[in-house]
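Q: Task: produce atomic coordinates for the following.
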Amino acid sequence: MNHEEIKQQVTEFLTRSLRTKELKDDDNILELGLVHSLFMIQLIMFIEKTFHLELEEEDLDMDNIKTVNDLVVLIERHQQTGAAFQ
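A: Got it, this is the predicted structure:
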């Protein structure tokens, strides 16, 4: 999956799940007050299932998951290192 496809998947999930019509790539979903703890679990499960990744505890730092762009970077980094599960 290329950069734009990843971004599209992440954006679609966030806008659907957060029930927001517009979400810019650099909008901080934490500062917008759109996120709660249950949603963070759903987000992690979405990333792992959709992109076949196994996220580690250090990946869950809020700086890695606060914007669409941050999430895309996290996913691409895992894809490059081959940190996927079977």
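Q: where do the helices sit along the protein?
A: 3-18, 37-51, 68-81 (DSSP state H).
Q: Can you tell me how far the residue nearest the centre of the chain is from I29?
A: Centroid-nearest residue in the chain: L71, 3.9 Å away (criterion: Cα atoms, centre = their mean). Computed as Cβ to Cβ, to the nearest Å, the L71 to I29 distance reads 9 Å. In this view, the C-beta of every residue, glycine as well, is placed from N, C-alpha and C.
Q: cool, N2 as well?
A: According to Cβ to Cβ, N2 stands 23 Å off from I29.
Q: do R19 as well
A: For R19 relative to I29 (Cβ to Cβ), the value is 12 Å.
Q: quick check: mean pLDDT across stretch 8-19?
A: Taken as a whole, stretch 8-19 has a mean pLDDT of 93.
Q: re the thing from before, compare R19 and I29 and say which is more crowded by neighbours.
A: Per other Cβ atoms under 10 Å, whichever of R19 and I29 has more neighbours is I29, with 22 against 7.
Q: Skipping adjacent residues, who's closest to that one in space?
A: V35 (5.2 Å; Cβ to Cβ, 6 or more residues apart in numbering).
Q: Do you know the pLDDT at the one you found?
A: 81.
Q: Show me the shaky parts of this structure.
A: Scanning the chain with the threshold set as pLDDT under 70 gives 82-86.
Q: mind redoing it with 80?
A: 21, 34, 81-86 (pLDDT under 80).
Q: Contacts only, for M62.
A: By Cβ atoms under 8 Å, 6 or more residues apart in numbering, the residues touching M62 are L30.
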